[in-house]
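J.: let's see this in three dimensions:
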Amino acid sequence: MTEETTGEKKEVQSRNFIQQIIDRDLAEGKVKKIVTRLPPEPNGSLHIGHAKSILLNCGIAEEYGGQFNLRFDDTNPTKEKEEFVDSIVADVKWLGADFRGEVLFASNYFEQMFEAALKLIDKGLAYVDDLTAEEIREYRGTLTEPGKNSPYRDRSIEENRKLFLEMKDGVYPDGAKVLRAKIDMASSNINMRDPVIYRIARMTHHNTGDTWCIYPMYDFAHPIEDAIEGITHSLCTLEFEDHRPLYDWVVRELEYPNPPQQIEFAKLYLTNVVTGKRYIKKLVEDGVVDGWDDPRLVTLAALRRRGFTPASIRKFMELVGITKAQGSVDYAMLEYCIREDLKEKAPRMMGVLRPVKLVIDNYPEGQTETFPIENNPDAEDAGVREVTFSRELYIEADDFMEEPPKKYFRLFPGNEVRLKGAYFVKCTGCEKDADGNVTVIHCTYDPETRSGSGFEGRKVKGTIHWVNAADAVDAEVRLYENLIDEEKGKLNEDGSLNFNPNSLTVLPYAKLEANLKDWQGSEAVQLIRNGYFCPDVKESTPEHLVIHRIVGLKSSYKPA
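T.: As a prediction, this is how the structure comes out:
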């Protein structure tokens, strides 16, 4: 966005609605230091949608010189695990969010939450209810009909306090009683119809062990956590908009000074992927994928394993933007961002995914020479590397056809192509196995056509990549497509996910140039004509190289 000022164009940075609210709050003196937070529940891995929240919250804190907290909302021990705490911390660090190395837990505030519940009881704003969970649902009413009061709603303050203390002391079995806020059973907002704020659950907690047998509900605990930490702006997704009146009621009735402000923004939905935790959990448990970090998923652990970079995720979120309007984003946009990030960073090397032997019959047996090939023409000062060449090479199986269609410019009998960075070769024929599969392609080369020699004779229309057979590196290659094919419907008639049967293709006999013999870690490389790849940090070893295709080279996404 630009504007004219005194004959010059001045850049004006657009401000999203959250920034505008914070700008106004600062200008009016409502807040002094901006404090934001990420409150994940440790019941699964974070996914690409959470990255939006991470980068928004830490970005706001950084922009305003404030503070970003990483705080686990661990109030439900029935689903939470320590392994998810560790994976989430790793995810947040990977994205570069600065939480000062301080990991916070809602469970550290259980004593304050218990005291807050007692305060509501003493104010006549909470009561112990003996209704079952099913009865509570029946009493709650519907979107068009008001609820009705529980027969236990008018218990005295003294009785409620006594019963709640007994709940804490383990007098009653799980599910026998709950503590409910006393608000308004006729409210048009169902969340305000005397919500449950404490329940009995004898479960060992990952952080507090067996200290507690009662646990606060999320809608009660979350505003208290925010208030205790001095959060100024509690940024969350739109599904919490209807919960905001309860959030505000809790901090108001508990009389917290400088109460936090909840602001909602649109959730991130991506086409052709699975993001819901319950869906991912089922995929993992059913063995459809090999864990929360399966590269076909869009959990942050999976994206990291597949080879996506923090920079590409940040660029993607910049393109998505922050709005209140809900909508879906094409997965192709995410792929565009990783291509843009890698095109100048990743060296370009040669690898043959579906190899077939190419024999140059007139090349001297036993001879080897080297060719200098540029590492990345799109990057400055990327330099060159030496690639070995000899009589026997590997090329892609689909770079040869006996009976090609029109406009096929690769190898076929009688046709000549350029071997990238090396020589022109002309196909003379091929060998086949008993099933008719091509096993060896024969050709001749023209020594006058050596790359870099200044040869200006005949032209060829096709250039193909190759790998020297004598020192080729063996690799297992894994190619991915979308896990879900939304064009055929995301769900089957029975409600199950409509999986793409081609979401994973394993090519066990790929051949790579010798310069990749020590390829490990997470370094991305562009294999010419095949896409961007990186080693699998989970399964690849020096003895057995396993690589993923991060993304192909062609994109259906066009940036605005």
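J.: low-confidence ranges, the chain, go.
T.: The model of the chain has pLDDT under 70 over residues 1-13, 486, 488-495, 556-560.
J.: helices of that one, start to end?
T.: Listed in chain order, the helices of the chain (DSSP state H) span 17-27, 48-63, 82-94, 110-122, 133-140, 157-168, 218-229, 244-253, 277-285, 300-306, 310-320, 331-342.
J.: and A514, which of those is closest to it?
T.: A514 sits nearest to helix 331-342 of all these, at 22.4 Å, using Cβ to Cβ. (Each C-beta comes from the backbone N, C-alpha and C, glycine too.)
J.: how far out from the middle of the chain is the closest one?
T.: Distance of helix 331-342 from the chain centroid (Cα atoms, centre = their mean, to the nearest Å) equals 13 Å.
J.: stretch 423-439 now?
T.: 44 Å.
J.: likewise stretch 314-322?
T.: What separates the centre of stretch 314-322 from the centre of its chain is 13 Å, taken as Cα atoms, centre = their mean.
J.: with stretch 472-490 instead?
T.: Centroid separation for stretch 472-490 versus its chain: 16 Å, with Cα atoms, centre = their mean.
J.: what separates D25 from D154, distance-wise?
T.: Noted for D25: a distance of 41 Å to D154, by Cβ to Cβ, to the nearest Å.
J.: which one's more surrounded, those two?
T.: D25 (16 against 10; other Cβ atoms under 10 Å).
J.: how close does that one sit to F17?
T.: Applying Cβ to Cβ to D25 and F17 gives a distance of 13 Å.
J.: before we move on, what about F455?
T.: For F455, the distance to F17 - Cβ to Cβ - is 62 Å.
J.: show me where the stretch 401-550 of the chain has strands.
T.: Here the stretch 401-550 of the chain has its strands, by DSSP state E, counting those that start in this stretch, at 416-419, 424-432, 438-446, 463-464, 467-468, 473-480, 504-512, 525-527, 531-535, 545-551.
J.: of all those, which lies closest to E402?
T.: strand 424-432 (6.8 Å).
J.: now do that closest one: everything it contacts.
T.: Applying Cβ atoms under 8 Å, 6 or more residues apart in numbering, the contact partners of strand 424-432 are 358, 360-361, 400, 402, 411-419, 438-446, 449, 460.
J.: do the same with stretch 365-376
T.: Counting by Cβ under 8 Å, 6+ apart, 344, 346-350, 382-391, 420-422, 451-452, 468, 470, 526 sit against stretch 365-376.
J.: what are the buried residues along it?
T.: F371, I373, N375, N376 (16 or more other Cβ atoms under 10 Å).
J.: look up the closest residue to the first one, ignoring the ones flanking it.
T.: Going back to what we said before, that points to F371. Spatially, and ignoring its direct neighbours in sequence, F371 is nearest to G421 (4.8 Å; Cβ to Cβ, 6 or more residues apart in numbering).
J.: the closest residue to T309 other than its chain neighbours: neighbouring residues, count only.
T.: In this structure, T309 finds its nearest non-sequential neighbour in D341, 5.4 Å apart by Cβ to Cβ, 6+ apart. D341 has 21 neighbours, counted by other Cβ under 10 Å.
J.: ok, now which ones touch D341?
T.: Neighbour list for D341: T309, A311, S312, K315 [criterion: Cβ under 8 Å, 6+ apart].
J.: does the last one really touch C337, like I thought?
T.: Yes - the pair formed by K315 and C337 meets the contact definition of Cβ atoms under 8 Å, at 4.4 Å.
J.: so between these two, which is more surrounded?
T.: Between K315 and C337, C337 has the larger neighbour count (other Cβ under 10 Å), namely 25 against 18.
J.: from memory that one sits against P310, does it?
T.: No - checked against Cβ under 8 Å, the pair C337 and P310 is beyond contact range at 11.1 Å.
J.: which residues touch D518?
T.: P542.
J.: apply 10 Å and report the result again.
T.: By Cβ atoms under 10 Å, 6 or more residues apart in numbering, the contact list for D518 reads V473, P542, L545.
J.: what about A469, distance to L483?
T.: 36 Å.
J.: can you pick out the residue with more neighbours from the two?
T.: A direct count of neighbours by other Cβ under 10 Å for A469 and L483 places L483 higher, at 22 against 17.
J.: wait, the more buried one touches L270, no?
T.: No - L483 is beyond contact range of L270, at 11.1 Å (criterion: Cβ atoms under 10 Å).
J.: for these two, list the residues in contact with both.
T.: Residues touching both L483 and L270 by Cβ under 10 Å, 6+ apart: V298.
J.: ok, Q20 - how many residues close by?
T.: Neighbourhood size, Q20 [other Cβ under 10 Å]: 11.
J.: distance of it from M333?
T.: With Cβ to Cβ as the criterion, Q20 and M333 are 25 Å apart.
J.: with N191 instead?
T.: Distance from N191 to M333, counting by Cβ to Cβ: 34 Å.
J.: can you check L163 too?
T.: L163 is 54 Å from M333, where distance means Cβ to Cβ.
J.: same check, this time on Y218
T.: From Y218 across to M333, the span is 32 Å (Cβ to Cβ).
J.: equivalent analysis for G291, please.
T.: G291 sits at a distance of 26 Å from M333 (criterion: Cβ to Cβ).
J.: find the nearest non-adjacent residue to W212, please.
T.: In space, W212 is closest to F110, 5.9 Å off (Cβ to Cβ, 6+ apart).
J.: got a list of what the one you found touches?
T.: By Cβ under 10 Å, 6+ apart, the residues touching F110 are D74, T75, H205, N207, T208, T211, W212, I214, Y215, P216, A221.
J.: check Y64 too.
T.: Going by Cβ under 10 Å, 6+ apart, the list of residues near Y64 reads Q19, I22, D23, L26, V31, K33, I34, V35, T36, T232, H233.
J.: cool, D290 as well?
T.: Contacts of D290 by Cβ under 10 Å, 6+ apart are L283, V284, R296, L297, L504, K538, E539.
J.: closest to L179 out of those residues?
T.: Nearest to L179 among the contacts of D290 is V284, at 34.4 Å by Cβ to Cβ.
J.: residues near M192, how many?
T.: Neighbour tally, M192, other Cβ under 10 Å: 19.
J.: quickly list what the nearest residue to H544 once chain neighbours are set aside is bridged to.
T.: Closest residue in space to H544, ignoring its immediate chain neighbours: E476 at 6.9 Å, by Cβ to Cβ, 6+ apart. Beta-bridge pairing for E476 (DSSP bridges): V546.
J.: now for E476: which residues touch it?
T.: Shown in contact with E476 (Cβ under 10 Å, 6+ apart): V506, L507, P508, Y509, A510, D536, E539, S540, H544, L545, V546, I547.
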